[in-house]
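>>> let me see the structure of the following:
(one chain, ligands or ions: 1)
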Amino acid sequence: MKVLVIGASGLVGGQCFRLFSAQPGFRVAGSYFSFPLAGLSCIDTLRAHALFRWADENFVPDLILQCGALTHVDYCESHPEESFQKTVVAHRHVLEFSRQCGAKVVLFSSDYVFDGRSGPYVETDPVNPLSVYGKHKRLTEEETLAHSSRHLVLRITNVYGREVRGKNFVARILDQIQKASHIHLRLPVDQYSTPVDAADVAAATLMLVRAGQAGLFHIAGTDFMNRVELALTVLRTLNYERYTLEALPTQALGQAAPRPLLGGLIAQAFKNLFPEFAFGTVRTFVEGWKKSE
Ligand SMILES: NC(=O)c1ccc[n+]([C@@H]2O[C@H](COP(=O)([O-])OP(=O)(O)OC[C@H]3O[C@@H](n4cnc5c(N)ncnc54)[C@H](OP(=O)(O)O)[C@@H]3O)[C@@H](O)[C@H]2O)c1
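Modelled structure (predicted):
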């Protein structure tokens, strides 16, 4: 199978690139946009030609993992047109490219397509995005599912894990613990989610692809916690005590984009197919990180 991972310099794409590359019989290429990494090609999905030129110079993929996106939720809120271009229009180019290649697309979406009144959510729950980011993610979901009955849309949320830049929430806390003599955290106490390890996202993606699945799936860990609880889980797993923590309501943080407060996802359809798959927890991830340091 020939696979193109768009956004392989990012968290999810990086883990997918690593796992898919290790599969016998898979030929895998990955792309970056602004953060060059050895072995990856530069692709800007906003420029449709870039995709076709890449295929001319490399190979025609059978599978495209679309992990490339503008992921800064508050930036999207204050730059809606740019968000539309970089999320919706750029993804249309990927869909058009996939049509010409005959490739299956896996799109990563988010629990921000829900309003956060009653999470965690299963796949059949009605969507109602609150933010620009959430609305644009929903549009890409709809267009992907309408484009081909072979494509997959995988909703994920609050992803943590190992990545080159260590920019995810858990990785940033781990980084601060290593570098600072004391850390101070200001976190929302009312934003609930279901954190998931990027390595589990990659593993679940591979299983769905291998099984020839299509349609909409939630990929989520079994932890259901707010940001304060998530940070405390990291700190307590490491017995780290040199911190102060302000637990605040979301309102007090002045975030530009509205959040789905009671968010999170339940991997119902995935677990029905693969009941034996055990998602990791934040605690087990941090314990593993501690052993490897
Ligand atoms: N992480 C989460 O908690 C989370 C939650 C819900 C949904 N998601 C979704 O999952 C997907 C992957 O997220 P992530 O956390 O891995 O994000 P990430 O770490 O920020 O990575 C995003 C990737 O997209 C690339 N990219 C940005 N603009 C691009 C463009 N115009 N053309 C091609 N590539 C472009 C980036 O390249 P450079 O870095 O090289 O610029 C990077 O490789 C996104 O669709 C995101 O919305 C993530």
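
>>> check which helix or strand Phe17 maps to.
helix 11-21 (DSSP states H and E).

>>> what is the subsequent helix or strand relative to that helix?
Downstream of helix 11-21, the first helix or strand assigned by DSSP H and E is strand 27-32.

>>> which secondary structure elements does the helix holding Phe17 sit against?
Secondary-structure packing of helix 11-21 (3 or more Cβ pairs under 8 Å, 6 or more residues apart in numbering; DSSP states H and E): strand 2-6, strand 27-32, strand 63-66, helix 198-210. Quick note: C-beta positions are derived from backbone N, CA and C, even for glycine.

>>> identify the residues contacting the nearest residue to Leu19 once chain neighbours are set aside.
Nearest residue to Leu19 in three dimensions, chain neighbours excluded: Ala202, at 4.3 Å (Cβ to Cβ, 6 or more residues apart in numbering). Shown in contact with Ala202 (Cβ atoms under 8 Å, 6 or more residues apart in numbering): Val12, Gln15, Cys16, Arg18, Leu19, Phe20.

>>> ok, and the most crowded of these?
Highest neighbour count within the contacts of Ala202, by other Cβ atoms under 10 Å: Cys16, with 30 neighbours.

>>> give the contact list for the residue in the chain that the ligand sits nearest to.
The ligand sits closest to Gly10 of the chain, with a gap of 2.0 Å, by Cβ to the nearest ligand atom. Residues near Gly10 by Cβ under 8 Å, 6+ apart: Cys67, Gly68, Thr71, Glu163.

>>> at 6 Å instead, please
Neighbour list for Gly10: Cys67 [criterion: Cβ atoms under 6 Å, 6 or more residues apart in numbering].

>>> quick revisit: so can I have a markdown table of the helices and strands packed on helix 11-21 showing distance to the ligand and mean pLDDT?
As requested, these are exported to a markdown table (distance: least, Cβ to the nearest ligand atom, whole Å; pLDDT from 0 to 100):
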| stretch | distance to the ligand | mean pLDDT |
| --- | --- | --- |
| strand 2-6 | 5 | 98 |
| strand 27-32 | 4 | 98 |
| strand 63-66 | 7 | 98 |
| helix 198-210 | 7 | 98 |
